[in-house]
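Enquirer: compute the structure for the input listed below.
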Amino acid sequence: MSDNSVAALAPRFHALFSGLERAHGAYNHIDQTREDGKRSGVAVTLREPVTDTLWEQHLEGKNGLGVIPIRDDNTCMFAAIDVDIYADLDIGRMAATVARLGFPLVTCRSKSGGCHLFLFAKQPIDAGLIQDQLRDMAAKLGQGAAEIFPKQRKLMPKECGGWINA
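Expert: The predicted structure follows:
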């Protein structure tokens, strides 16, 4: 990608993945592959603002960026189902099943070859409500054990919440 296109895309991704703005995750040094196929690296949570520059670096492949869906008011503008199946996952079949069931999810391959199923909202949605809806969708997809983001239904004061790799 050219520098101009990344600079133009960064604020759009920042807005699309609008979450907690006072902290984020960093996932770097991705140089190991576990036995199950998951690529692993060094994950840290930083109590620093999410910026367009971080998004630019992520889109350029320089730094992994983790986004926290739950916001300080316990609402979300996006959420995700994280399917951690690597070796036997047919992502095309997953996308077809999502479409057949009419779920409002965007199917994306994760960095390790698993699957992130993203839900994007036009208005803030209560984190607990969105968790319940995603758990129901995950179960109907045969992925009842999948990780759900947001991880929390409510943030305690000064808590950051769990993040997912963008």
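Enquirer: please count neighbours and contacts with C-alpha atoms only from this point.
Expert: OK.
Enquirer: and Phe78, how close does it get to Val50?
Expert: From Phe78 across to Val50, the span is 15 Å (Cα to Cα, to the nearest Å).
Enquirer: of those two, which one has the most company?
Expert: Phe78 (25 against 22; other Cα atoms under 10 Å).
Enquirer: chain neighbours aside, what residue packs nearest to Thr107?
Expert: Closest residue to Thr107 apart from its sequence neighbours, by Cα to Cα, 6 or more residues apart in numbering: Leu117 at 4.7 Å.
Enquirer: how near is His58 to Arg93?
Expert: Separation of His58 from Arg93 (Cα to Cα) stands at 28 Å.
Enquirer: could you do Arg22 as well?
Expert: 37 Å.
Enquirer: worst-scoring helix or strand of this protein, pLDDT-wise?
Expert: In the chain, no helix or strand scores lower on mean pLDDT, DSSP states H and E than strand 24-33, which sits at a mean of 74.
Enquirer: dump stretch 99-114 to PDB, restricted to CA.
Expert: Output in PDB follows, covering the C-alpha atoms of stretch 99-114 (Å, rounded to 0.1, in the frame of the first residue of the first chain):
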ATOM      1  CA  ALA A  99     -24.800 -15.600   5.200                       C
ATOM      2  CA  ARG A 100     -27.300 -18.500   5.100                       C
ATOM      3  CA  LEU A 101     -28.300 -17.800   8.700                       C
ATOM      4  CA  GLY A 102     -28.600 -14.100   8.000                       C
ATOM      5  CA  PHE A 103     -26.200 -13.000  10.700                       C
ATOM      6  CA  PRO A 104     -24.900  -9.400  10.400                       C
ATOM      7  CA  LEU A 105     -21.300 -10.600  10.700                       C
ATOM      8  CA  VAL A 106     -18.200  -9.900   8.500                       C
ATOM      9  CA  THR A 107     -16.000 -13.000   8.200                       C
ATOM     10  CA  CYS A 108     -12.200 -12.400   8.200                       C
ATOM     11  CA  ARG A 109      -9.300 -14.700   8.500                       C
ATOM     12  CA  SER A 110      -7.200 -14.000  11.600                       C
ATOM     13  CA  LYS A 111      -3.400 -13.600  11.700                       C
ATOM     14  CA  SER A 112      -3.100 -17.300  12.600                       C
ATOM     15  CA  GLY A 113      -5.500 -18.600  10.000                       C
ATOM     16  CA  GLY A 114      -8.500 -18.800  12.400                       C
END
